[in-house]
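>>> Sequence plus predicted model, see below.
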Amino acid sequence: METKTDISKQPAVASTEIVISIAGLHKSFGSNKVLRDFCLDVKRGESVAVIGKSGSGKSVLIKCIIGLIDPDSGSINVLGNEVTKLDHIKLDRLRVKVAFLFQSNALYDSMTVRENLEFPLRRHWVNTTKEEVDVLVVEALTNVGLAHTIDMMPSELSGGMRKRVALARTLIMKPEIILYDEPTTGLDPITAREISNLMVDIQKKYNTSSIIISHDLNCVKLTANKIVMLIDGKNYAEGKYEELSKSEDEKVKNFYI
Amino acid sequence: MLPKVLNNFFDEMGSISRFGFRFFKEGFVPRYEFREMIRQCYYVGYRSLPLVGLTAFIMGLVITIQSRPTLVEFGAEDWLPKMVSVSLLREITPVITALICAGKIGSGMGAELGSMKVTEQIDAMEVSGTNPFKYLVVTRVFATTLMIPLLAILGDAISLYGAYLGCNIRGVVSWQLYWNQVFETITYGDLIPSVLKTFFFGYAIGVIGCFKGYYSSKGTEGVGQSANSAVVLSSLLIFIIDLLAVQIIDILNLT
Ligand SMILES: Nc1ncnc2c1ncn2[C@@H]1O[C@H](COP(=O)(O)OP(=O)(O)O)[C@@H](O)[C@H]1O
Ligand SMILES: [Mg+2]
């Protein structure tokens, strides 16, 4: 399967290739219009931060990208695939290349750390032997500095450790794109910084592209090349951290207080 | 316009029926989750056995003790094993077993799937190449549908032992005589319909427990609510199914 191609060996493309392209995205729940004509492009190797108030539809946005939520209209193109039109087999194949770090980590309570990491490998029909799986699991855990927790249950880990294990689980498929849903929310400032640094390391090591949902400006400053402000369901403003911090717009300025 | 409460009720019934129907639609096409299915059968069956056994035993015992005075009044004390075994096998043990399981298994599934839902574990499964409905719901509904009849049959046997003890508390009935009387009385017409309805009990417990968990509302409060309403609704449904089953058996003259 194409899942086994080693992304780290691919040349760093001169970041003109667009890996995620969202246009005219609409989504409402009943009368609650969450996304209204949202547009966004992400280039290969680029990290885009999406910031917005809580409840502004950030999670809805990235869940649309991975096909967990069906948008009402609009197009989402990920690595050349129109997500809304894929059948479930093609969607599963795409999800091998696109990883998702959930806000609540979503570690399986009933499984050990090892089983948690093995789960995506086994489920994605990847033909790997028991030994290969073991090597991959240890490698992923070592990447986040938690090799010693391999036989523990998620409930025995601290919040920061759980976030790292969840990150290791997203890395195990060697994804081309990582979607982070509020990776530092609920963590203390020191742990939050550690996680941010880890995200930067991962980006450098595997040349992944990513969308980072956050309202932690420190994390955004460290990890993102570009910032997008999701206000009123639209891509309200877009630019580098410093550019946006000089903006005169009231709604944009609110985020920098 | 229907009142809002009724409206919501029918709305929910519709959703549950669709959910239960989806079990058949998705449960019998690959990919099959055999490992998970066996694990669930173990949880549902083996783990509930002590509880079901104990209640069945006590039921057999007390029903016998309670029935004796009436029979004595008519001078029909000899009939005690006959009468008690029929009421145990046809009605009491299957329903009690199902109710115990609704409490233990239904609430467990509501809480487990509910917390998986609110902590996004169900979403995580979906992005990991797994159909969460098949992996979580189909396996559980399958386990309850198969295991509750088994538990009920074991419960039947255990409750008859309880009844034997009950017969011997005041009077004396020999082991041999007791079982002779029981097997003389009980026919397949008693046993088969009673076992058949437990399949429906099991299916109802699984579907309701999973439905409540799978569509749990956000937040930890929602998880508790899911577990609670799973028990209430599945217990109620067990009685409704029982009522229907008795009518159908009666109409078809299966007794
Ligand atoms: N499955 C759903 N059903 C109904 N409303 C939803 C659903 N998911 C999200 N919403 C609504 O969409 C809005 C945006 O939610 P979300 O994307 O989770 O916000 P956030 O930006 O904090 O991540 C909220 O008002 C929420 O109530
Ligand atoms: Mg969110």
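In hand now; what should we look at? Numbers count the residues shown, from 1 in each chain, chains lettered A, B, ... in the order given. Ligands and ions are numbered 1, 2, ... in the order given.
>>> residues contacting the residue lying closest to residue A:167 once chain neighbours are set aside?
Spatial nearest neighbour of residue A:167, excluding adjacent residues (C-beta to C-beta, 6 or more residues apart in numbering or on different chains): residue A:144 at 5.5 Å. The C-beta positions use only the backbone N, C-alpha and C, and glycine is treated the same way. Residues near residue A:144 by C-beta atoms under 8 Å, 6 or more residues apart in numbering or on different chains: A:164, A:165, A:167, A:168, A:171, A:198.
>>> In JSON lines: these, plus neighbour count.
Formatted as JSON lines, those follow (neighbours: other C-beta atoms under 10 Å in any protein chain shown):
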{"residue": "A:164", "neighbour count": "23"}
{"residue": "A:165", "neighbour count": "23"}
{"residue": "A:167", "neighbour count": "24"}
{"residue": "A:168", "neighbour count": "24"}
{"residue": "A:171", "neighbour count": "23"}
{"residue": "A:198", "neighbour count": "19"}
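>>> For residue 57, which residues are in contact?
In the absence of a named chain, chain A is used. Neighbouring residues of residue A:57 by C-beta under 8 Å, 6+ apart: A:27, A:34, A:35, A:230, A:233.
>>> Wait, chain B was what I had in mind.
The neighbours of residue B:57, taking C-beta under 8 Å, 6+ apart as the test, are B:158, B:159, B:161, B:162.
>>> tell me which element residue 191 is part of?
As the question left the chain open, I've gone with chain A. In this structure, residue A:191 sits in helix A:189-206 according to DSSP states H and E.
>>> nope, chain B
In this structure, residue B:191 sits in helix B:188-214 according to DSSP H and E.
>>> right, and the helix or strand after that helix?
Counting by DSSP H and E, the next helix or strand C-terminal to helix B:188-214 is helix B:220-251.
>>> That next one close to ligand 1?
No - remark: helix B:220-251 sits outside contact range of ligand 1, by C-beta under 6 Å from any ligand atom, the gap being at least 12.7 Å.
>>> so does that helix get close to chain A?
No - judged by C-beta under 8 Å from any C-beta of the partner chain, helix B:220-251 and chain A are separated, with a smallest distance of 11.4 Å.
>>> So which bits of the stretch 1-150 of chain B are right by chain A?
With C-beta under 8 Å from any C-beta as the criterion, the stretch 1-150 of chain B meets chain A at residues B:115-116, B:118-121, B:123-131.
>>> and those, which of them are in strands?
Using DSSP state E, no member of these falls in strands.
>>> Have a look at these and tell me the least confident one.
Among the residues of the stretch 1-150 of chain B next to chain A, residue B:129 has the lowest pLDDT, at 90.
>>> From residue A:192, how far out is the residue nearest to residue A:167?
As judged by C-beta to C-beta, to the nearest Å, residue A:144 and residue A:192 stand 15 Å apart.
>>> What of residue B:250?
Applying C-beta to C-beta to residue B:250 and residue A:192 gives a distance of 68 Å.
>>> Neighbour count for those two, which is higher?
More neighbours surround residue A:192 than the other of residue B:250 and residue A:192, with 21 against 11 (other C-beta atoms under 10 Å in any protein chain shown).
>>> burial count for the nearest residue to that one once chain neighbours are set aside?
Excluding its sequence neighbours, the residue lying closest to residue A:192 (C-beta to C-beta, 6+ apart) is residue A:184, at 3.8 Å. Summarising burial for residue A:184: neighbours were counted as other C-beta under 10 Å, giving 26.
>>> quick one: secondary structure of the residue nearest to residue A:232 when sequence neighbours are not counted?
Nearest residue to residue A:232, sequence neighbours excluded (C-beta to C-beta, 6+ apart): residue A:36, at 6.7 Å. What DSSP: H, G, I helix; E, B strand; the rest coil gives for residue A:36 is strand.
>>> who's in contact with residue A:36?
Residues in contact with residue A:36 (C-beta under 8 Å, 6+ apart) are A:26, A:232, A:233, A:234.
>>> pLDDT wise, what is residue 173 at?
The chain I'm using is chain A. At residue A:173, the model reports a pLDDT of 89.
>>> try chain B instead
Confidence score, pLDDT, at residue B:173: 89.
>>> how far out from the middle of the chain is stretch B:102-118?
Between the centre of stretch B:102-118 and the centre of its host chain there is 16 Å, according to C-alpha atoms, centre = their mean, to the nearest Å.
>>> Is any residue of that stretch near ligand 1?
No - for stretch B:102-118, no contact with ligand 1 is found by C-beta under 6 Å from any ligand atom; the gap never falls below 10.8 Å.
>>> List of residues touching that stretch?
Contacts for stretch B:102-118 (C-beta under 8 Å, 6+ apart): A:104, A:108-109, B:44, B:48, B:51, B:121-122, B:136-137, B:140, B:144, B:205-206, B:208-210, B:212-216, B:218-220, B:222-224, B:226-231, B:234-235, B:238.
>>> Also stretch B:30-47?
B:101, B:105, B:131, B:134-135, B:138-140, B:142-144, B:146-148, B:150-151.
>>> For chain B, which residue occupies the most central location?
residue B:98 (2.4 Å; C-alpha atoms, centre = their mean).
>>> what sits against the nearest residue to that one once chain neighbours are set aside?
Using C-beta to C-beta, 6+ apart and skipping the chain neighbours, the partner closest in space to residue B:98 is residue B:201 (3.8 Å). Residue B:201 makes contact with B:94, B:95, B:97, B:98, B:101, B:148, B:152, B:238, B:241, B:242, according to C-beta under 8 Å, 6+ apart.
>>> can you put the contacts of residue A:36 in JSON lines and add neighbour count and secondary structure?
Below are the contacts of residue A:36 laid out as JSON lines (neighbours: other C-beta atoms under 10 Å in any protein chain shown; DSSP: H, G, I helix; E, B strand; the rest coil):
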{"residue": "A:26", "neighbour count": "15", "secondary structure": "strand"}
{"residue": "A:232", "neighbour count": "14", "secondary structure": "coil"}
{"residue": "A:233", "neighbour count": "21", "secondary structure": "coil"}
{"residue": "A:234", "neighbour count": "14", "secondary structure": "strand"}
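>>> Of those, just say which sits nearest to residue A:84.
Distance to residue A:84, by C-beta to C-beta, is smallest for residue A:26 among the contacts of residue A:36, at 11.7 Å.
>>> Now for that closest one: which residues touch it?
A:33, A:35, A:36, A:37, A:38, A:71, A:72, A:73, A:74.
>>> first vs last residue of stretch A:67-77, how far apart are they?
11 Å (C-alpha to C-alpha, to the nearest Å).
>>> Wondering if it reaches chain B at all.
Yes - contact of stretch A:67-77 with chain B (C-beta under 8 Å from any C-beta) involves residue A:68.
>>> what does that stretch contact?
Under the criterion C-beta under 8 Å, 6+ apart, residues A:20-28, A:35, A:37-38, A:60, A:63-65, A:82-84, A:86, A:91, A:94-95, B:123, B:126-127 lie in contact with stretch A:67-77.
>>> Low-confidence regions, the chain specifically.
In the absence of a named chain, chain A is used. Within chain A, the ranges that satisfy pLDDT under 70 run A:1-15.
>>> I was after chain B.
Within chain B, the segments meeting pLDDT under 70 span B:255.
>>> one step back: and the angle for whichever helix or strand comes after the helix holding residue A:191 with helix A:189-206?
Where DSSP H and E defines the elements, the next helix or strand beyond helix A:189-206 is strand A:209-214. Orientation check (axes from the mean of the first three to the mean of the last three C-alpha atoms, to 10 degrees): strand A:209-214 against helix A:189-206 gives 170 degrees.
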